[in-house]
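Enquirer: need coordinates for the following:
(chains A and B)
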Amino acid sequence: MARAPANRAPTKAAPKSATPKASTPKAAAGKSAAGKSAVNGAVAAKGPDKAKLLDWYRNMLLIRRFEERAGQLYGMGLIGGFCHLYIGQEAIAVGMQAVKKPGDQVITGYRDHGHMLAAGMDPKEVMAELTGRAAGSAHGKGGSMHMFDVAAGFFGGHGIVGAQVPLGCGLAFANRYRDNGQVSFTYFGDGAANQGQVYEAFNMAELWKLPVVFVVENNQYAMGTSVERSSSETHLYKRGVSFNIPGEEVDGMDVQAVAEAGAKAAEYARTGKGPFILEMKTYRYRGHSMSDPAKYRTREEVDAVRKTRDPIDHLREKMEQLGYTDEEAMKRIDSDVKKIVADAAEFARTAPEPDPAELYTDIYAKA
Amino acid sequence: MTDVLMPALSPTMEEGTLSKWNVKEGDTVRAGDVIAEIETDKATMEVEAVDEGVIEQILVPAGTENVKVNAPIARLKGEGDSSSNGAAPPQSAAPTASPNTDEQKTVSPPPGTGGGGREADGGGQPAKPASEGAAPLAKASPLKDPELPAGVKMVRVSVRDALRDAIAEEMRRDGDVFLMGEEVAQYQGAYKVSRELLQEFGDRRVVDTPITEYGFAGLGVGAAFAGLKPIVEFMTFNFAMQAIDAIINGAAKQRYMSGGQVSVPIVFRGPNGAAARVAAQHSQDYSAWYGAVPGLKVIAPYDAADAKGLLKAAIRDPDPVVFLENEMLYGLEFDVPDDVDFVLPIGKARIRREGADVTITAHSRMVGLALQAAEQLAGEGIEAEVIDLRTLRPLDHETIVESVKKTNRIVTVEEGWGAFGVGAEVCQRVIENAFDWLDAPPTRVHGEDVPMPYAANLEALALPTVDKIVAAVKAVTYK
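Expert: So this is what the prediction gives:
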């Protein structure tokens, strides 16, 4: 699968020797910051690093703009079916990506575009899958909910709520079987947190000390049903208690907090202690899918989150305080991102549909 | 300059009401700002700006009804100058650019999709062009059982031990193969199929699971994503209903929906169908359920040699395989070639008895009944050809059709329910491919259309019997 290193930020090599400090627990990343993606690398401790923060900013902005454009293409009839946008939740995919080491796996549900972009997938390939074109990541056969980049460790978008959780444990099982030091990052939402199979998976994950980090993206609403209306225990990080799986609540709107908590959890899993649950408190600005008018919450509620907790604005303010933003650089990021997204949209709009013969390919392995 | 277009709220929306503008001409907007509200009979939604810029002109006033999707509703002037803005999306071209209109009409589906021989059922031919689907079938199937090496010994082995040997041999051969399931390790297998595997391979590769079918089936699928080759044992397939999402959505569809990126080399195996006196919830035959799913291969062997040769093939196969065993067969002994390289082709039926008067198809335990019926019929002057399907998907209909062209009659036998069943599928393929050769209506023998009763006499009535097969054959041979 082609990826687009060219579309990534100009990589200012991440610090090779990010020595953990006491402030961050047992830092994850210590050793190797090498990785093809600009967002890979050491996260821990050394205090905010300018290149890293700029990169996070850029990657979150890319997801935001990409999703806005996807929403627009949906409105134009170019994207069909279901389309679940990640707007508002960008800090999670980007912050956790920084924790990932080469070989680690990521698997998630159907709100997956942000994870694909964070994993380094080519925005053109992702957008072309959304429009159902041959150049899409799954040759137009998967769509919004089913995209993969196995080479990058991204094991998809899955459409059945909660079903990716046992799958993610299976990836972790393979890691343990091979004793390869890799971690499976298994994402699910507050809705999936009420699926029985999640707890079947929790049980086996702890029983066999599988190297898996469960990342709960708690965006407050399972389609139209709020966590309070659906969950007897609303603190989802406590859902591992009866399995002896530790959990932690994290501000999922703060990319730095995400990366720090992620580093700690990954270290825990990587060193054979078993699974860890991170509950990321976040918020989706858009409806559950494109056809959801989101009448179960008020515009004021959404606006308040946007104004006070927006992950991108939040990071930008932080960088301003640190003096990391100069007008020129920020403008460049803006226009780079805009161009990448516009190019992706144009590509996805004009690329050819799959050949009719593709109907019968990829059902079984080639003989 | 960028046109803002009337958006669709759903795949089916064609027009709507522009109920409100939240901005006026001259306002500056940022990406994400709500600029308008639109409304259909179903919902009201907000329109967000995708680009920043200044609203230069509102083309459709608030309150306008029946605004067509993709009609320009406002004009946005980009920062700087629109002409130099290479990033501006060519939205104004949108109404004619939709892929879902004219272009799609030229892509017609293959004629008669769904008929015999057209299913992409794993026959090893990628990209079967649509036109080929209608080609005549009656060629001999290219798959053949392997020639046994000269001097190979035949040994008497139970189906149970043949399965065990297949697993053990494949685990010795490939370190990525492992077995998981309830009671497979310390207990030595609920039906002793995994006897002594723990002792040989240890608990890393022979894994006792909690009673958690959905969970461990999904976990097995995930391990297969990562390149391991799990053998997932269900204590019986009745319990696999709890896991059917993992089997179908998790395993079967994965290669397709990933555009070929994800392989799921996994085997789901265990006893299927009725045992004895265990009543409705423990006695179902799932052959037809799994046989219906593209992306799966489905095997249901009868004797020990086929059980071994096909299980070895299933473990080596890069695609998910559902391997349906039968508890009542586990203890039966048959001749098995004493050869670790004995691997049978998936997708090839076996003619167990030749005959010129009628074709009987069966799989799993029903093969035994069909053979008994054939013996009885021979005594009455009717020679039946008995075809053991062995693999249900891909179904070797070439062998069946060839046989029917000789016998002109078919009786199908299966333990499961008849409705939407294996026999229905076999008969339909015969009708499609050998209609003119038929001298009698294709006929099915199958389990009665009831949940399995417990009482011994009722249970016997619910299942196919030799007598029922004999009676069906006599009906189609008009004897």
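
Enquirer: could you look up the SS state of residue 307?
Expert: Chain wasn't specified; assuming chain A. helix (DSSP: H, G, I helix; E, B strand; the rest coil).

Enquirer: oops, chain B please
Expert: helix.

Enquirer: residue A:115 versus that one, what's the distance?
Expert: Counting by CB to CB, to the nearest Å, the separation of residue B:307 from residue A:115 is 43 Å. C-beta: built from backbone N, CA, C; applies to glycine.

Enquirer: who's more crowded, these two?
Expert: residue B:307 (32 against 28; other CB atoms under 10 Å in any protein chain shown).

Enquirer: can I take it that residue B:240 is in a helix?
Expert: Yes: residue state for residue B:240 (three-state DSSP) corresponds to a helix.

Enquirer: ok, how many other residues are close to the nearest residue to it once chain neighbours are set aside?
Expert: Leaving out its chain neighbours, the residue that sits closest to residue B:240 by CB to CB, 6 or more residues apart in numbering or on different chains is residue B:234, at 4.4 Å. By other CB under 10 Å, the residues close to residue B:234 number 25.

Enquirer: pretty sure residue B:234 sits against residue B:181.
Expert: Yes: Residue B:234 lies in contact with residue B:181 (CB atoms under 8 Å); the separation is 6.7 Å.

Enquirer: list residues touching both of the two?
Expert: residue B:270 (CB atoms under 8 Å, 6 or more residues apart in numbering or on different chains).

Enquirer: in the stretch 151-300 of chain A, what residue lies closest to chain B?
Expert: Nearest residue of the stretch 151-300 of chain A to chain B (CB to the nearest CB) works out as residue A:170 at 2.0 Å.

Enquirer: next SSE downstream of the biggest helix by length in chain A?
Expert: The single longest helix within chain A, with elements called by DSSP state H, is helix A:50-75. Following helix A:50-75 in sequence order, the next helix or strand is helix A:90-97 (DSSP states H and E).

Enquirer: just how off-centre is that next one within its chain?
Expert: Here helix A:90-97 is found 5 Å from its chain centre; the criterion is CA atoms, centre = their mean, to the nearest Å.

Enquirer: averaged pLDDT, that helix. What do you get?
Expert: For helix A:90-97, the mean pLDDT works out to 98.

Enquirer: give the other helices and strands that it contacts.
Expert: helix A:50-75, helix A:113-118, strand A:212-218, helix A:255-270, helix A:311-321 (3 or more CB pairs under 8 Å, 6 or more residues apart in numbering or on different chains; DSSP states H and E).

Enquirer: which strands and helices sit next to the following helix or strand past it?
Expert: Remark: after helix A:90-97, the chain's next helix or strand is strand A:105-108, criterion DSSP H and E. If you count contacts as 3+ CB pairs under 8 Å, 6+ apart, strand A:105-108 packs onto strand A:154-157, helix A:164-178, strand A:184-189.

Enquirer: neighbouring strands - and their directions - for strand A:105-108?
Expert: Sheet partners assigned to strand A:105-108 using DSSP bridges are listed as strand A:154-157 (parallel), strand A:184-189 (parallel).

Enquirer: any idea what sits nearest residue B:315, other than its immediate chain neighbours?
Expert: residue B:170 (4.3 Å).

Enquirer: likewise residue A:113?
Expert: Closest to residue A:113 by CB to CB, 6+ apart is residue A:86, at 5.5 Å.

Enquirer: contacting residues for residue B:367?
Expert: Residue B:367 touches B:302-303, B:352, B:386, B:388, counting by CB under 8 Å, 6+ apart.

Enquirer: cool, and residue A:208?
Expert: By CB under 8 Å, 6+ apart, the neighbours of residue A:208 are A:173, A:176.

Enquirer: quick check: pLDDT value at it.
Expert: Residue A:208 is assigned a predicted lDDT (pLDDT) of 98.

Enquirer: got the phi/psi numbers for it?
Expert: phi -100, psi 10 (degrees, to the nearest 10).

Enquirer: and it, how far from residue A:272?
Expert: 11 Å.

Enquirer: now do residue A:109
Expert: From residue A:109 to residue A:272 the distance is 27 Å (CB to CB).

Enquirer: ok, now residue B:369?
Expert: In terms of CB to CB, residue B:369 sits 53 Å off from residue A:272.

Enquirer: now do residue B:181
Expert: 25 Å.

Enquirer: give me the more crowded residue out of these two.
Expert: residue B:181 (28 against 12).

Enquirer: chain neighbours aside, what residue packs nearest to the more buried one?
Expert: On the basis of CB to CB, 6+ apart, the spatially nearest residue to residue B:181 that is not a chain neighbour turns out to be residue B:233, at 3.1 Å.

Enquirer: now that neighbour. Its backbone dihedrals?
Expert: In terms of degrees, to the nearest 10, the main-chain angles of residue B:233 are phi -90, psi 130.

Enquirer: contact partners for it?
Expert: B:179-182, B:184, B:189, B:193-194, B:269-270.

Enquirer: circling back: neighbours around the residue nearest to residue A:113, how many?
Expert: As a burial measure, residue A:86 scores 27 neighbours (other CB under 10 Å).

Enquirer: in PDB, could you pull the C-alpha coordinates for stretch B:372-388?
Expert: Extracted in PDB, the C-alpha atoms of stretch B:372-388 (Å, rounded to 0.1, in the frame of the first residue of the first chain):
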ATOM      1  CA  GLN B 372     -26.600 -48.600   3.700                       C
ATOM      2  CA  ALA B 373     -29.600 -47.500   1.700                       C
ATOM      3  CA  ALA B 374     -27.600 -48.100  -1.500                       C
ATOM      4  CA  GLU B 375     -26.800 -51.700  -0.400                       C
ATOM      5  CA  GLN B 376     -30.500 -52.300   0.400                       C
ATOM      6  CA  LEU B 377     -31.600 -50.900  -2.900                       C
ATOM      7  CA  ALA B 378     -29.000 -53.000  -4.800                       C
ATOM      8  CA  GLY B 379     -30.800 -56.000  -3.400                       C
ATOM      9  CA  GLU B 380     -33.900 -54.800  -5.100                       C
ATOM     10  CA  GLY B 381     -32.200 -54.200  -8.400                       C
ATOM     11  CA  ILE B 382     -31.600 -50.400  -8.100                       C
ATOM     12  CA  GLU B 383     -28.000 -49.300  -8.400                       C
ATOM     13  CA  ALA B 384     -27.400 -46.000  -6.600                       C
ATOM     14  CA  GLU B 385     -24.300 -43.800  -7.100                       C
ATOM     15  CA  VAL B 386     -23.400 -42.300  -3.700                       C
ATOM     16  CA  ILE B 387     -21.500 -39.000  -3.700                       C
ATOM     17  CA  ASP B 388     -19.900 -37.900  -0.500                       C
END
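
Enquirer: okay, buried residues for it please.
Expert: B:373-374, B:376-377, B:382, B:384-388 (16 or more other CB atoms under 10 Å in any protein chain shown).

Enquirer: tell me which two of those sit farthest apart.
Expert: The largest separation in the buried residues of stretch B:372-388, counting by CB to CB, is between B:382 and B:388 at 19.1 Å.

Enquirer: ok, and for stretch A:283-302, which residues are buried?
Expert: Quick answer for stretch A:283-302 (16+ other CB under 10 Å): A:283-294, A:302.

Enquirer: gap between residue B:342 and chain A?
Expert: 21 Å (CB to the nearest CB, to the nearest Å).

Enquirer: so that residue is in contact with residue B:309, correct?
Expert: Yes: the criterion here is CB under 8 Å, and residue B:342 meets it with residue B:309 at 5.2 Å.

Enquirer: the more surrounded of these two?
Expert: Taking other CB under 10 Å, residue B:342 and residue B:309 do not tie; residue B:309 has more neighbours (25 against 21).
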